[in-house]
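Undergrad: Model the structure of this input:
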Amino acid sequence: MSIDRSQLRTGVAHFGNTGEDDARERREALEELKRVSLDFEGIVFPGLGIDPWSWSGDQVQAECPNPEADHERGGAWGFHTGKMVHSCFGCGYSGDVIGLAQDLLAMDDWREALDWLREGSGQRPGESHAQFIDRVLEGALEASTPVEEAIPDYPADMLFKYDEIHDSVFERGISPEVVREMQIGFDRSHMATTIPHFFRGRLVGVQYRHLAQDAAGEYLCPRDECTAGGRVPKFKNTRPFPRNTTLYNYDNVQEFDSVFAVESPMTVLYLKSHGLPNVVGTFGGFVSPQQAQLLYGFPEGVYLWPDNDPTGDIFLESIDLLTPTVPVFLVPTVPGAKSDPGDVPPEDIERYRRAAVPSWGWLGDLDGYPEGVL
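TA: Predicted coordinates for the structure are as follows:
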């Protein structure tokens, strides 16, 4: 990722200009950011080229993003997603999230960084959608490629405490057979559906899908560690969690010569329940190089089925950058903003499957396909 970091402030906090009015505006802007939902894990940190090595509640640690500093005292860098401030325990590089984005994206004014953060998706003012996708992918690839994730091995008996099933699972169209096969449960302490993640015969993590919401549609959780940036995320994973080096449902698709790839485990569960067993999930919109190599192990090809949102674009573009070694096909996106394959009526899943086209072909939703394709 080509970031000019020569202007990083070492040993001092970066809070922008010192004028009284400017400082007041800056403080108000920071408070505004604390009230909105920033996707640190999926967008902000990858976009800045930061790869956290530990994450506990609001506390994040990673390698200090200041490569010019002397880190003989240790380069551990800390970031607080609630307060949105950071500090390196070695070189002293510190400040708030606005200054961090301004530094790492080489912006002249902190207001540019604020606009970048306000977007949520990270798209800069004046930046085209294609330019945004390319930049985020570049940062995500840089953050993930050199890091070999240690794959954890959790005791399988930890799942015994999740012996209930919440009705919402069945309301989403997931069958009792798939619930039993995938050992789906419910954690009352999180008020969340539990989705165990097995990889090569080991329990490598659990994803919690929060269910409780307030009147404004914000997710709720009784446990403080689930609050990040002042909000409870829809999904929460055990940590460590091998997001970059594994695929959900991978163990169950080894008998197939082709595979469908979607973003979320919930979508995998839905499609498995309705006649599409050879499907895996990538845990988000970015396909890492390690995940791509797993997908390329299916000789008759990979069928990408993205969500109909900006992460769906990242999903498609990321695998295209990773030099496919098997045929790659594109399944049409589901009409409607933020729709995903889990919104397809069961009777239409086969129609979407048959509508897949080679990755160099035309891509659109079902209603836009040329006559004769379906």
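Undergrad: right, and the helix or strand after the helix or strand bottoming out on mean pLDDT in the chain?
TA: Least confident helix or strand, the chain: strand 13-14 with a mean of 40, by mean pLDDT, DSSP states H and E. From strand 13-14 onward toward the C-terminus, using DSSP states H and E, the following helix or strand is helix 20-35.
Undergrad: in that following helix, what's buried?
TA: Neighbour counts over helix 20-35 (16 or more other Cβ atoms under 10 Å) mark Glu25, Arg26, Ala29, Leu30, Leu33 as buried. Every C-beta, even on glycine, is put in place using the N, C-alpha and C of the backbone.
Undergrad: Give the buried residues for stretch 299-313.
TA: The neighbour-count check on stretch 299-313 (16+ other Cβ under 10 Å) flags 301-313 as buried.
Undergrad: Pick the one among these closest to Pro277.
TA: Using Cβ to Cβ, Tyr303 comes nearest to Pro277 of the buried residues of stretch 299-313, at 13.0 Å.
Undergrad: Break down the stretch 151-300 of the chain into its strands, ranges please.
TA: 185-187, 192-199, 202-210, 235-237, 258-262, 279-281 (DSSP state E, counting those that start in this stretch).
Undergrad: To Trp55, which of these lies closest?
TA: Closest among the strands of the stretch 151-300 of the chain, using Cβ to Cβ: strand 235-237, at 9.3 Å.
Undergrad: Any regions of the protein where pLDDT drops low?
TA: Residues of the chain that meet the criterion pLDDT under 70 lie in 1-20, 35-37, 67-75, 119-150, 228-230, 310, 320-323, 337-338, 360-374.
Undergrad: Which residue ranges of it form helices?
TA: 20-35, 45-48, 97-104, 110-118, 129-144, 167-171, 176-182, 265-273, 289-295, 310-320, 349-354 (DSSP state H).
Undergrad: out of these, which comes closest to Phe160?
TA: helix 176-182 (14.6 Å).
Undergrad: Show me what that closest one packs onto, helices and strands only.
TA: Packing partners of helix 176-182 (3 or more Cβ pairs under 8 Å, 6 or more residues apart in numbering; DSSP states H and E): helix 167-171, helix 265-273.
Undergrad: rerun at 6 Å
TA: For helix 176-182, the helices and strands in contact under the criterion 3 or more Cβ pairs under 6 Å, 6 or more residues apart in numbering; DSSP states H and E are helix 265-273.
Undergrad: want to try JSON lines for the strands of the stretch 151-300 of the chain, with distance to Leu114 and mean neighbour count as columns?
TA: Formatted as JSON lines, these follow (distance: least, Cβ to Cβ, whole Å; neighbours: other Cβ atoms under 10 Å):
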{"stretch": "strand 185-187", "distance to Leu114": "37", "mean neighbour count": "21"}
{"stretch": "strand 192-199", "distance to Leu114": "33", "mean neighbour count": "23"}
{"stretch": "strand 202-210", "distance to Leu114": "29", "mean neighbour count": "21"}
{"stretch": "strand 235-237", "distance to Leu114": "27", "mean neighbour count": "19"}
{"stretch": "strand 258-262", "distance to Leu114": "34", "mean neighbour count": "24"}
{"stretch": "strand 279-281", "distance to Leu114": "34", "mean neighbour count": "24"}
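Undergrad: Those: which one's closest to Glu41?
TA: Closest to Glu41 of the strands of the stretch 151-300 of the chain is strand 235-237 (Cβ to Cβ; 9.2 Å).
Undergrad: what are the bridge partners for the closest residue to Leu295 other than its chain neighbours, then?
TA: Leaving aside its sequence neighbours, Leu295 sits nearest to Val302 (Cβ to Cβ, 6 or more residues apart in numbering; 4.7 Å). Assessed by DSSP bridges, Val302 has beta-bridge partners Val259, Val328.
Undergrad: Relative to Pro341, how far out is Val302?
TA: From Val302 across to Pro341, the span is 15 Å (Cβ to Cβ, to the nearest Å).
Undergrad: Please apply the same query to Val178.
TA: Taken as Cβ to Cβ, the span from Val178 to Pro341 is 15 Å.
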